[in-house]
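>>> give the three-dimensional model of this entry:
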Amino acid sequence: MAFYEHVLIARPDISPAQVEGLMEELSTFLDKQGAKVAKSEYWGLRNLSYPINKQRKGHYSLLNIDGPAEAIHELERQHRISDDIMRYMTIKVEELDENPSPMMSRKNRRDD
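Numbers count the residues shown, from 1 in each chain. Take a look at the predicted model:
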């Protein structure tokens, strides 16, 4: 199986709890498709570089996935149908990083 990093941007008018619920739904969907979610991170409500559908903010989330390509294709098909997801990007990587992403490390430094 291959390793993937999947980042998505959800609409800003939904709550962080709803985004966490969406991430849980995606994790269970991927489990049913034969893929394993190694890491899931919620990066928070952040400003966008440019407006998307007249929105200037979005909820960012990251999933590290170990699974077949068919599961990723089906996941992206569901994202295209969903109204809650504005953008997504999936990148195939050589190995999954178990450490917190740079976005999470930056956030933790700011809290100190």
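>>> roughly how far is stretch 13-25 from the heart of the chain?
Between the centre of stretch 13-25 and the centre of its chain there are 11 Å (Cα atoms, centre = their mean, to the nearest Å).
>>> stretch 74-90 now?
Relative to the centre of its chain, stretch 74-90 is centred 10 Å away, using Cα atoms, centre = their mean.
>>> which residues touch it?
Stretch 74-90 is contacted from outside by 4-11, 14, 18, 22, 26, 29-30, 33, 52-53, 55, 58, 72, using Cβ atoms under 8 Å, 6 or more residues apart in numbering. Yep, even glycine has a C-beta here, placed from its N, CA and C like the rest.
>>> which among these count as buried?
Among the contacts of stretch 74-90, those classed as buried by 16 or more other Cβ atoms under 10 Å are 4-11, 22, 26, 30, 33, 58, 72.
>>> right, and the pair among these with maximum separation?
The distance between the two most remote of the buried ones among the contacts of stretch 74-90 (Cβ to Cβ) is 25.3 Å, for 33 and 58.
>>> so after the helix or strand harbouring residue 64, what's the next helix or strand?
Per DSSP states H and E: residue 64 is located in strand 55-67. Using DSSP H and E, the helix or strand that directly follows strand 55-67 along the chain is helix 69-81.
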